[in-house]
Each structure stands twice: as structure tokens, then as C-alpha cells.
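S.K.: got a predicted structure here, sequence first:
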Amino acid sequence: MTTSTHPTPSPFWRRWRKEAGRSALMWLIFLPLALIVVVPVLYMFSMAFTLEANQLKFPIEWIPNPVTTSNFVKIFVDPQLPIVRWFTNSLWIASLGTVVIIFLSTLSGYAFARLEFPGKGLLFSLLLFSLMIPAAVTLIPSFLLLRDLKLLNTYHAIWWPAAASVTGIFLMRQHFYAIPVELEDAARVDGADRFRIYWQICLPLVRGAIVALFIFSFLGLWNDLFWPLIVLSDRAALTLPVGLIVIQQGSYVQRGLAFAGAFIASVPVLVFYAFFQRKIIAGITTAGLAGR
Amino acid sequence: MTTTALPASTSLSNSRRWKTLRKQLPNYLFVLPHFFFFTVFLLYPIVRGLQISLFDWKIMLKEQKYIGLANYQALLNDKIFWEVLGNTAEFMVVTVIVNVILALLVAVGLKHKFFGSDALRVLFYAPGILSVSVIGIIGIRIWDTQIGILNYFVTTLLGGPRISWLGDPGIVVPALALTTVWWSFGFPMLVFIAGLHNIPEQLYEAAKIDGAGRLGTFRHITVPLIMPTMLFVVVTQFIAHMQVFAQPYIISGGGPGNASRSASMYLYETAWKFFRFGYASSISVVMAVVMIVVTVVLFSLMRRRTEY
């Protein structure tokens, strides 16, 4: 009789209960941090849809009343704030710049992993040495050089210095190393030359690292402020992060506009992030560890 | 016989060397494209930067005046420069310490899966996806005295007075550092999670059998074994945060006074606001020297600690 009133829980349920308890405890610990991370971003979304007149309300009006798109309308009609142009500039700079970085890094990374040539060791130590030098030193000479080449306010002013970056080479080199040499030998016996081996055999095998480098470089170029701020000054040539500074400072002290601009700059990357979170997290980890 | 054979064999090996060199020649095509940009936009600027720092370089002049080490001499006596360097160091130290501790603790919590742990990991990295300009625009309003998010909670939840966070020279740098932590702790967290997964699980099991508590295993297993990862994180974070520019530039404008002006911001203003490129170059060289020295010291310090 007593056994029927107190049935021993099956191992499955016992485990489930233990797991649930642990999950609840972890959420209790992490919830405050999660809120701290989320609240400012939600605040930005909310302020983007808040009337200029209500921006200064205190205590804060968390849910806009009324919800308005007037900030966005104001940005889009203002010829001084060509935000669509900024958006396309950013997109062009980030995507083509990333393609260039991937092309150069895979070529060079492959050579350092697999090919022999005189001066290879010296060249590699030069690349390592350059990792130690902070970007601050190269800012002024690179700026003067681009000015003399009449390339300020063009996409080239971002692409060319980006093409010099070395982290991608270390990342690709590591991954090319991991490919079994036998694969290449087999291809060589079949009469493939070194460029075909690189292009048709090795590149497809490091697809994961290429995706990682793509994500890392794209986000870097899309989000960068300092260098674009230095080499881009024409209103039409700006990228989104620099454009946001223009909205924020100068004669545009309208607060709603800044948040609408921030919204436009953030939502595409956040949506992209939400869709490809697993790939992006893996990619950031892989690429971020490249210099190790 | 043997002596006569020798030159023949060297000439043979010489011709063979020529042959392998000819075979290796196309390999340069792989490294050449990158090396071109690397030379023009990295190697050359480094040398050129050193050179410009020896001139009284002003952008509108046709002929630049060589002044030797005068820029560096002026820098030694430049009170603002030392203040700015101090601010940058303070910002870096607070950011790196809080970032590393927070990231490691969160990584330990998220290492073993639980319901929603992947979602939390994605969430904690999310601010890192945003541009620093966006972080700046949000940051202004986090710390605003009149209408800020923080003061909202201080006044409504705690019933305290509004605090002038960015107006206080003692608070402004830590405030910028905490904003940066909010933006960037996700990356070291990801790196630590990867590092924690490399620690063999048997060690924890052995410690459990030996009756070690949670704190004990953390101190005696996790911390020492995560040290190589820690070294990587600390060095990369140090290099990144010593060059901080956007946060003070957007959020506090370097103020009050110069209380939150960073070295990069001072460099930027010297060059692109006052057009003193020579002086700005000497600032960048000093920054580079400081950073290289500290990186080397960090490496040797942490190396010693990881050998046990």
C-alpha cells in the first residue's frame, strides 16, 4: 500500500529534476547580468521610436508614448545626413575589404604552411614583429601617404591598409598545416600544379577557417570608427559609424536622430547575428585565437 | 681522387640548388600580393613615423623643419601628455581586470550546459557585435546626470540623489571602463570557455574524490590550468584598451578638463585638430615603446607563473 502512494521516481525524472534545479539556480545567478546587458540596448530601440519632445523625460519613459517613426523620417529626408549612402558605403567597404583580406591571407598563409622559398623564415618573423607594433604609429604616415596618392575619401583608403593586416595569415597558416600532406602529394602525382592544389584541394578543406575570417574581418570593418574618421571627411564618403558621430555632434544635437541612426546601424548586424549565432560565435573564437 | 671529386660535387650541388630555386621561384607569387600591402601600409609607415617624429612637421608647410629630438623633449615636459597617459593606464587597468574576472566567472558558469546556457552565451556576446559609435551613443545616456539610465535606478530604486558621473574627474574614467566592459567582456568569455574545455575532466573528478570543494578546485585546478589562455587574453586586451579612443571621444569628450582624455585621443587631436604631425608622431612612438615594453614584461611574468 505504502509503495503505491510513494512511487520511487524513475531515474529519468530524478535526473530531470536535478537538471531543472541546476538550471533555475544558474538563471538566478545570471539574470541580473543578462538584464544589465539587455536593458541599454532595449533603451536604444525605445528611444529611436520616441518623439524628440519626449526624449528628456525623467523618470524614463521605457515604452514610447506615442510610438513614432518621425526620427527615421527626419534622417531620411535630411540631405545633410545621407544615411542610405553611408549604409551602402559601409556595406561595400566591409564586404569587398573582407574578400581582399581572405584572398591575401589564404595565399600567404598557404605559402607559410606548405611551400619553401629562400627568406621564408625572415619574412615570417617580420610578420610576427609587426604584431607588436600598435596601430597608433602607422596612423599619421598612412594618412599622409593616402593623401599624396589622392585616395582620401575613397574606399581605397580603408581597403589598402586593411589588406596589410597579418592576423588572417596566422589563422590560415594554422589550418593549412592541419591538412594531411598525402592529399597534396596525390594531387601532385596526378599532375596538378601548386596553384591548382591551393585553389581546388586546400581551399575547400579550410572552409571553416575562411568563414571565421570572413565574420571577424567583416565585423571589424563594419564597426570600425577610428581609421574611417581619419581618412573620410566628405559627407557622402562616410561609413555608418562615422556618420553616427556626425549626427551625435556638430549642429545635430537632436537626441532622437542619434538613436534612430544607431538603430539603423545595429539592427542589420543583430539580425544577422541572431540567424547565424552558432557560426559567428565559433568564428569569433577561432579567428580571435589566431595570434596565439 | 677524392680531392678532385670535391669541386665537381659542389658544382653539381650548385646546379641542383639553382634547379630547386627555379622551382621555388613561383612560390613567391603566393606571398607577394600581401607583402606589397604589408610593406606599403605597415613597414614603411613604421619607419616613416619614426622619421616624422624628428621633424616639426606641419601639414600646410612645403618644407619640413628637422628638429632632432626636440619633440620628445617637449613631450617630457608636456603635463597634459603625462595626465593623458595616466588616464589611459587607469582605463586599461580597470577594463582589463574587470573584463578578465567577469569573463572567467561567467565562462566557468556557462561551461557545463544547462537549460538556456547557449542563449546566455549568445546574449553576453551580443553587445560586442555593435559598433563602438553605437556603444558611445548609448553610453552617453547611461551616465547622463539629468535623464540617464543609471540615475533612473539610483533615484527610483535606491531613492538616492542624481549623481554627476561624467562630471566627476574621479569617476569618469572608471565609468568609461565599465561601459567598455559591458561592450566587450563577451570576447574573453568565449576564449575562456574554449580554454576551460581544454582542461581534462579527469582532473576535476580526481579532485572530487579527494574531497576538494568547489572553491578549492577553482583555485587549484581551474586557475593554474587556464593561465596560458589568461596570458593570451591579458596581452590582447592590454593592447586593445591602451589604444582606447572612441569611448572618451564620444561619451565624455575627454572631460571634465582632461580627466578622461586618452592617449589616442590626444594623438588624434594633436594631428587632426591642431595639425602638428611631428609632435603627434612622437606621441605615437612613445605609446608604442610603452606598449612593447609592457607586453614583453607581461609575457615574462606570466610565463614564470605558468611554469609549475
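M.R.: Looks like it came in fine.
S.K.: what residues does the stretch 151-292 of chain A have near chain B?
M.R.: A:160-161, A:163-164, A:166, A:169, A:194, A:198, A:219, A:222-226, A:229-230, A:240-242, A:244-245, A:248, A:258-259, A:261-262, A:265-266, A:269-270, A:273, A:277, A:280-281, A:284-285, A:288-289, A:291-292 (C-beta under 8 Å from any C-beta of the partner chain). Backbone N, C-alpha and C define where each C-beta goes, glycine included.
S.K.: out of those residues, which end up buried?
M.R.: For these, a neighbour count by 16 or more other C-beta atoms under 10 Å in any protein chain shown gives the buried set as A:160-161, A:163-164, A:166, A:169, A:194, A:198, A:219, A:222-226, A:229-230, A:240-242, A:244-245, A:248, A:258-259, A:261-262, A:265-266, A:269, A:273, A:277, A:280-281, A:284-285, A:288-289.
S.K.: dump the helix or strand where B:Ala175 lies to CSV, keeping only the CA atoms.
M.R.: Using DSSP states H and E, B:Ala175 sits in helix B:172-184. Extracted in CSV, the C-alpha atoms of helix B:172-184 (Å, rounded to 0.1, in the frame of the first residue of the first chain):
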residue,chain,number,x,y,z
VAL,B,172,34.7,59.4,-15.3
VAL,B,173,37.5,57.0,-16.2
PRO,B,174,36.0,54.0,-14.3
ALA,B,175,32.7,54.9,-15.9
LEU,B,176,34.1,54.7,-19.4
ALA,B,177,35.9,51.5,-18.4
LEU,B,178,32.7,49.8,-17.2
THR,B,179,30.9,50.9,-20.4
THR,B,180,33.7,49.2,-22.2
VAL,B,181,33.4,46.0,-20.1
TRP,B,182,29.7,46.0,-20.9
TRP,B,183,30.6,46.1,-24.6
SER,B,184,33.5,43.8,-24.7
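S.K.: looking at chain B, which helix or strand does the model trust least?
M.R.: In chain B, no helix or strand scores lower on mean pLDDT, DSSP states H and E than helix B:2-24, which sits at a mean of 67.
S.K.: tell me which element the residue positioned nearest the centre of chain A falls in.
M.R.: Among the residues of chain A, the one closest to the centroid is A:Leu219, at 1.8 Å (C-alpha atoms, centre = their mean). Here A:Leu219 sits within helix A:207-223, counting by DSSP H and E.
S.K.: which other helices and strands contact that helix?
M.R.: helix A:83-114, helix A:156-163, helix A:167-177, helix A:255-275, helix A:277-288 (3 or more C-beta pairs under 8 Å, 6 or more residues apart in numbering or on different chains; DSSP states H and E).
S.K.: what's the distance between whatever residue of the stretch 201-308 of chain B ends up closest to chain A and B:Ala271?
M.R.: Residue of the stretch 201-308 of chain B nearest chain A, by C-beta to the nearest C-beta: B:Ser284 (4.2 Å). Separation of B:Ser284 from B:Ala271 (C-beta to C-beta, to the nearest Å) stands at 9 Å.
S.K.: give me the common contacts of these two.
M.R.: Residues touching both B:Ser284 and B:Ala271 by C-beta atoms under 8 Å, 6 or more residues apart in numbering or on different chains: A:139-140.
S.K.: CA atoms only: put stretch A:186-193 into PDB for me.
M.R.: The C-alpha trace of stretch A:186-193 is given here as PDB (Å, rounded to 0.1, in the frame of the first residue of the first chain):
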ATOM      1  CA  ALA A 186      48.300  12.500 -54.500                       C
ATOM      2  CA  ALA A 187      47.200  15.600 -56.500                       C
ATOM      3  CA  ARG A 188      50.800  16.400 -57.500                       C
ATOM      4  CA  VAL A 189      51.200  12.800 -58.800                       C
ATOM      5  CA  ASP A 190      48.000  13.500 -60.900                       C
ATOM      6  CA  GLY A 191      49.800  16.400 -62.400                       C
ATOM      7  CA  ALA A 192      48.200  19.300 -60.600                       C
ATOM      8  CA  ASP A 193      50.400  22.400 -60.300                       C
END
